[in-house]
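S.K.: no sequence on this one, just coordinates:
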């Protein structure tokens, strides 16, 4: 199976974005757990943090994959 550069960068970036989201969830959950008694509120806020991180890194990955797979968009005349 031949994979083009955009797909390869997107798959790698999304994989690392997922790892970053899991780590953000674990870190924020551990910190929020110290400050809030309600477990549902702690989980909700931690999931929100993880979702924001995931979206951010996927968007950055898409931008980087687009730029590297289309080098002519960087060329100046």
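M.R.: Looks like it arrived, so ask away. On a predicted model such as this, the values are computed, not experimentally measured, just so you know.

S.K.: From here on, just use CA atoms for contacts and neighbour counts.
M.R.: OK.

S.K.: ok, so what distance separates the residue lying closest to residue 73 once chain neighbours are set aside from residue 14?
M.R.: Counting by Cα to Cα, 6 or more residues apart in numbering, residue 73 lies nearest to residue 67, which is 6.9 Å off, once chain neighbours are set aside. Counting by Cα to Cα, to the nearest Å, the separation of residue 67 from residue 14 is 16 Å.

S.K.: next one: residue 52
M.R.: As for residue 52, its distance to residue 14 is 14 Å (criterion: Cα to Cα).

S.K.: before we move on, what about residue 44?
M.R.: On the measure of Cα to Cα, residue 44 and residue 14 end up 23 Å apart.

S.K.: more crowded one of the two?
M.R.: Neighbours per residue, other Cα atoms under 10 Å: of residue 44 and residue 14, the larger number sits with residue 14, 20 against 13.

S.K.: Any buried residues in the helix or strand encompassing that one, and which?
M.R.: For residue 14, the element it lies in under DSSP states H and E is helix 5-35. Residues 6, 9-11, 13-14, 16-18, 20-22, 24-26, 28-29, 32 are the ones in helix 5-35 that count as buried (16 or more other Cα atoms under 10 Å).

S.K.: could you give me the average pLDDT of that helix?
M.R.: Helix 5-35 shows a mean pLDDT of 92 in the predicted model.

S.K.: Equivalent analysis for stretch 68-77, please.
M.R.: With pLDDT averaged residue by residue, stretch 68-77 scores 71.

S.K.: who does the helix holding residue 14 touch, helix- and strand-wise?
M.R.: Packing contacts for helix 5-35, counted by 3 or more Cα pairs under 8 Å, 6 or more residues apart in numbering; DSSP states H and E, involve helix 39-69.

S.K.: helices or strands next to the helix it packs on in the packing?
M.R.: In this structure, helix 39-69 makes packing contacts with helix 5-35, judged by 3+ Cα pairs under 8 Å, 6+ apart.

S.K.: got the angle between the helix it packs on and helix 39-69?
M.R.: Angle between the axes of helix 5-35 and helix 39-69 is 160 degrees (criterion: axes from the mean of the first three to the mean of the last three Cα atoms, to 10 degrees).
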